[in-house]
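Student: Give me a model of this one.
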Amino acid sequence: MHRLIVILLLSALGVAQTAPTSSSPTSATTPAVSLNDSDNARKARAVLDQTVKSLGGQPYLDYANREETGRYYPLYHGRTNSTGIPYNYYVEYPDKDRFEVIHTKDIFLIEGQVGNVKVKNKFDIVLIHNGDKGYETTYKGTAAQEPEDLQNYLRRRQHSLEWVFRRWTRDPSVALFYEGQSVVDGKECEGVSLLNNQNDSVSVFVDMNTHYPVKISYSWRDPKDKQRNVEDEVYDNYKLVQGIWTPHSITRYYNGETSQQRFISVANYNQNLPDSMFEAAVSYDPKVPLKKH
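Tutor: Numbering: from 1, shown residues only. Model prediction:
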């Protein structure tokens, strides 16, 4: 219902903007319609503002980069054959990151994956994203990330906590909806949904006691089979790092099934990360067999 109301409102605004000014002599004095001029929207805004304040306020909104180390668990149907994969992860806001899987030869892993990349025993893996491009580096060299895997990654980034609180909430064309109270991951939460002018939405569930985000959720339709998919990310074990409350346990769900877990051991903000960390050049095509020497 919320989406229908906003779509109709956006359509009405579009008509008003394209209408000739001469046909509406009072248009110059008519106040602009605000998508969020309602008690419900103002309550949603208050929840989001309180969340930012609880996470650290301006330092949370302004940090330039983040790095973390920990252990990563790829799962299939909620189960894993891995004892945990050590990783390093570097994020340069807004659109660069580097995910390193290290020393995989020492890790017991059967048919596992790092993101959507199969782990090759005895070799480390690096995934780099820079803007709308993705790269995978292994012992064979550097290849462009598979288009479907890249699209999945870009979708997750566009609905990440960083983008929700730095972009979505600051965009005046995004409509806010307070969704009420619910229990999420065993915690009493308040829910807020955000809807942009592309009819894309994301929901944020916030702990009513700590005001930290507990979960984000969004859905999309597969262009091939037209089926609706739901992706969730759940956050826990918040710790204070350089004035920013940071979740150290992150679990991802795909259509209700656990697909990945990440446990952070060390996190840091605003490090001196060189630009070269996020640069890559394609050196081979995995679809073309390597020549034997």
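Student: okay, CA-based contacts and neighbour counts for the rest of this
Tutor: OK.
Student: Surely Val47 is within a helix?
Tutor: Yes - looking at Val47 with DSSP: H, G, I helix; E, B strand; the rest coil, it is inside a helix.
Student: Could you report the separation of it from Tyr135?
Tutor: Relative to Tyr135, Val47 is positioned 37 Å away (C-alpha to C-alpha, to the nearest Å).
Student: what do you get for Asn196?
Tutor: Counting by C-alpha to C-alpha - Asn196 and Tyr135 are separated by 29 Å.
Student: Of the two, give the one with the bigger neighbour count.
Tutor: Tyr135 (21 against 18; other C-alpha atoms under 10 Å).
Student: That one is in what secondary structure piece?
Tutor: strand 133-138 (DSSP states H and E).
Student: I'd like the distance from that strand to the chain centre, please.
Tutor: For strand 133-138, the separation from the chain centroid amounts to 19 Å (computed by C-alpha atoms, centre = their mean, to the nearest Å).
Student: What of stretch 45-56?
Tutor: 18 Å.
Student: Name the residues that touch it?
Tutor: Residues from elsewhere that reach stretch 45-56 (C-alpha atoms under 8 Å, 6 or more residues apart in numbering): 58, 60-61, 165, 169, 176, 190, 192, 206, 210-213, 243-246.
Student: do that again at 6 Å, thanks
Tutor: 211-212, 243-245 (C-alpha atoms under 6 Å, 6 or more residues apart in numbering).
Student: and the strand holding Tyr135, what other elements does it pack with?
Tutor: strand 125-130, strand 141-144 (3 or more C-alpha pairs under 6 Å, 6 or more residues apart in numbering; DSSP states H and E).
Student: can you map out the strands along the stretch 51-200 of the chain?
Tutor: 65-74, 85-92, 96-101, 113-114, 117-118, 125-130, 133-138, 141-144, 175-184, 187-195 (DSSP state E, counting those that start in this stretch).
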